[in-house]
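> next come a sequence and a model predicted from it.
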Amino acid sequence: MPKTNRAPRQQTTSMQFNSAQDHSASRPSTPYNNNDTLCRCMNIRRAEAETLIKRSHKEIALNELVSRSGAGTLCSGCHPLLREMLGEEIWTDVAVTSVDSKSTDIKSYRFTPTQGEFSPAKAGQHILVQAHIRGKWEMRRYTLINSAEETRYREIAVKIKSDGVVSNWLHLTDHAKQSIRISKPMGDTTPELIGQSPLVCLVAGVGITPALSFMRSIDDNNTTRNFTLDYSVNNKRDLIYKDEIEKIANRKKNIKVNFRFTKDAGYIKKQHVQDIVSQHPESDFFICGPRNYARSLVNYLDESGVNPDRISRESFSSTEHNIKPSKLPYHLGLTLFALFFLQFAMNVKLPWLEQMQGNEPFKIYSGLFIVLYILSQFIMPYNNACKEPRLSVKHYHRHKFIGCLAPLVFFFHSTQLGTAYLLLLSTVYFSNFLVGIFNHERLKFARHRVAYYKVWLPVHITLSVLLIGLVGFHVYVVASY
């Protein structure tokens, strides 16, 4: 069984850096532009994170930088850049020494370091490729396909895409005089190639890349672990590395390969997966391919009775497990929420506050304060809508902290939830507060964060807009009567 760090249902490739040291360049020969967006998820500029680091009176850790800036809280895409800003050597300057066309839209590239050699990587790990394109540094992730013990070069396979900035640049550019850097190998949830249980790789399209690395490593190291590859493509013309895969399978008795042509035979179905599971009981499964393919395979394996701990899925969106954003807003908010409903349920009152809340001017001014409080929380989405990343960092942490005070602000206006439409207003108010408290930062794995965020954000926005509407109606009623 692979020795991996697994999620409760499926595992993802995390961003733990290899401990081995590559010869790395600490700074790019062409400097970064501080106006560039550092974190695309949260729309945060590089300059904002740089300012936080410079203003810190002590050495700042990645956890603290993520928490204070908001960059990297949703996915791990900018974590290497954050690490670089904190002084860690991330990159190695490389040259492209080999380009080989594998199909009409896929080419393989070999990178060699400008100085020294690489350290060994684990089979199936991935790297970041960074290139200076049209005046700015662009970065994308690619799976390594070279053998685990290879130190002379790093090899990747790249599929051209309509919106792929780095991929298309690699396909269409003469690399002789270009600035290219690659990161250290990343990913600590790749399967071990030495084990008693069989390993089954279910892959589709260019998802063959980690499986090819496994096969090359098994072949080079004479590993005896039984390995089965199920490789889905549209037709025979889409097969890449076919000859090499067949040669390795012919040499190694412990490697079995099945090519699946979906144009003729259709996509892999639940019954096919059940057959594979029955033929390879107690196997570990590794999945790599398009999102819908991978999601379906995980479900089929689950329905076939495979223990979730034996299911691995490659993903480039997983964050480092040791990233822990600030928990203060979360714990403070829940404490205030519990205290509010405790006093409401037990009818515990503060006489002086009850007396003030019975005063009409106090009602009006405290109500206006709540309106201003709610409107102030719209600064964050306003900045994002106006594409003002220079303000995002400033207000991100403030937005969370101010939001957690919602029960306290409500308490000073009223200790009751009200009736009729006022009860509806109170319900929406506290529902939106709870949605804000239980945000994406509460989830450990970034794959789950991204999926949750896609649902969480529309719900949070809808409740916020509904709340503004109900508050406006309440103001109208109070002003009218």
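Great, that's in hand.
> hey, where'd the helices end up in the stretch 251-400 of the chain?
All helices of the stretch 251-400 of the chain, identified by DSSP state H, counting those that start in this stretch, fall at 262-265, 270-279, 291-303, 328-346, 351-357, 360-376, 379-385, 389-403.
> deepest in the core, which of those helices is it.
Most buried of the helices of the stretch 251-400 of the chain by mean neighbour count (mean count of other CB atoms under 10 Å) is helix 389-403; its value is a mean of 19. Just so you know, the C-beta spots here come from the backbone N, C-alpha and C atoms, and that holds for glycine as well.
> got the angle for the helix or strand following that helix vs helix 360-376?
Counting by DSSP states H and E, the next helix or strand C-terminal to helix 389-403 is helix 406-413. Angle, helix 406-413 to helix 360-376, by axes from the mean of the first three to the mean of the last three CA atoms, to 10 degrees: 160 degrees.
> got the buried residues for helix 406-413?
406-407, 409-411, 413 (16 or more other CB atoms under 10 Å).
> coming back round to it: of the helices of the stretch 251-400 of the chain, which is nearest residue 227?
helix 270-279 (13.3 Å; CB to CB).
> and the contacts of the closest one?
Residues from elsewhere that reach helix 270-279 (CB atoms under 8 Å, 6 or more residues apart in numbering): 200, 202, 228, 230, 283, 297, 300-301, 303-306.
> and the residues you listed as TSV, adding distance to residue 167 and pLDDT?
Conversion of the contacts of helix 270-279 to TSV gives the following (distance: CB to CB, whole Å; pLDDT from 0 to 100):
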residue	distance to residue 167	pLDDT
200	29	95
202	24	95
228	30	95
230	26	95
283	33	93
297	24	94
300	30	95
301	30	95
303	35	93
304	35	94
305	38	93
306	33	93
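> quick one: which of the residues you listed is nearest to residue 343?
Distance to residue 343 across the contacts of helix 270-279 (CB to CB) is lowest for residue 303, with 48.4 Å.
> now the closest one: how far from residue 404?
According to CB to CB, to the nearest Å, residue 303 and residue 404 sit 41 Å apart.
> elements contacting the host helix or strand of residue 127?
If you go by DSSP H and E, residue 127 is part of strand 126-133. Judged by 3 or more CB pairs under 8 Å, 6 or more residues apart in numbering; DSSP states H and E, the packing partners of strand 126-133 are strand 136-143, strand 154-159, helix 165-172, strand 180-183.
> just the buried positions in the shortest one, please.
Judged by neighbour count (16+ other CB under 10 Å), strand 180-183 contains these buried residues: 180-183.
> tabulate those (JSON lines), appending pLDDT.
Formatted as JSON lines, the buried residues of strand 180-183 follow (pLDDT from 0 to 100):
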{"residue": "180", "pLDDT": "91"}
{"residue": "181", "pLDDT": "92"}
{"residue": "182", "pLDDT": "94"}
{"residue": "183", "pLDDT": "91"}
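> what is the nearest of the residues you listed to residue 239?
Nearest member of those to residue 239, counting by CB to CB, is residue 182, at 27.0 Å.
> and the closest one, bridged to which residues?
Going by DSSP bridges, residue 182 is paired in beta bridges with residue 92, residue 129.
> how near is the closest residue to residue 60 other than its chain neighbours to residue 36?
Excluding the flanking residues, the one nearest residue 60 by CB to CB, 6 or more residues apart in numbering is residue 53, at 5.8 Å. As judged by CB to CB, residue 53 and residue 36 stand 16 Å apart.
> try residue 103
Counting by CB to CB, the gap from residue 103 to residue 36 is 33 Å.
> kindly check the end-to-end length of stretch 430-443 for me.
For stretch 430-443, the first-to-last residue distance is 21 Å (CA to CA, to the nearest Å).
> now that stretch: buried residues?
In stretch 430-443, counting by 16+ other CB under 10 Å, buried: 430, 432-433, 435-437, 439-441, 443.
> please apply the same query to stretch 165-182.
166-167, 169-171, 175, 180-182.
> what does stretch 249-257 give?
249, 252, 255-257.
> then it to PDB, C-alphas only?
What follows is stretch 249-257, C-alpha atoms only, in PDB (Å, rounded to 0.1, in the frame of the first residue of the first chain):
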ATOM      1  CA  ALA A 249       5.400  -3.800 -20.500                       C
ATOM      2  CA  ASN A 250       7.100  -6.500 -22.700                       C
ATOM      3  CA  ARG A 251      10.300  -6.300 -20.600                       C
ATOM      4  CA  LYS A 252       8.600  -6.300 -17.200                       C
ATOM      5  CA  LYS A 253       6.300  -9.200 -16.300                       C
ATOM      6  CA  ASN A 254       4.900  -7.300 -13.400                       C
ATOM      7  CA  ILE A 255       3.500  -4.500 -15.700                       C
ATOM      8  CA  LYS A 256       0.200  -4.900 -17.600                       C
ATOM      9  CA  VAL A 257      -1.300  -2.400 -20.000                       C
END
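> this protein - how does it break down into domains?
Annotated domains of the chain cover 27-88, 91-186, 199-313, 328-480 [automatic domain parsing].
> off-centre distance for the longest one?
Here the centre of domain 328-480 is set off from its chain's centre by 28 Å, with CA atoms, centre = their mean, to the nearest Å.
> measure it end to end?
From its first residue to its last, domain 328-480 covers 41 Å (CA to CA).
> repeat for the second one
Across its full length, domain 91-186 reaches 12 Å between end residues, using CA to CA.
> gap between it and the chain center?
Offset of domain 91-186 from its chain centre (CA atoms, centre = their mean): 21 Å.
> also the shortest one?
Taking CA atoms, centre = their mean, one finds domain 27-88 lying 16 Å from the centre of the chain it belongs to.
> ok, back up a step: mind putting the domains of the chain into TSV with distance to residue 192?
Below are the domains of the chain laid out as TSV (distance: least, CB to CB, whole Å):
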stretch	distance to residue 192
domain 27-88	23
domain 91-186	9
domain 199-313	8
domain 328-480	21
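> who's in contact with stretch 155-168?
When contacts are defined by CB under 8 Å, 6+ apart, stretch 155-168 is touched by residues 102, 105-111, 127, 129, 131, 133, 138-140, 142-146, 170-171, 205-206, 208-209, 212, 240.
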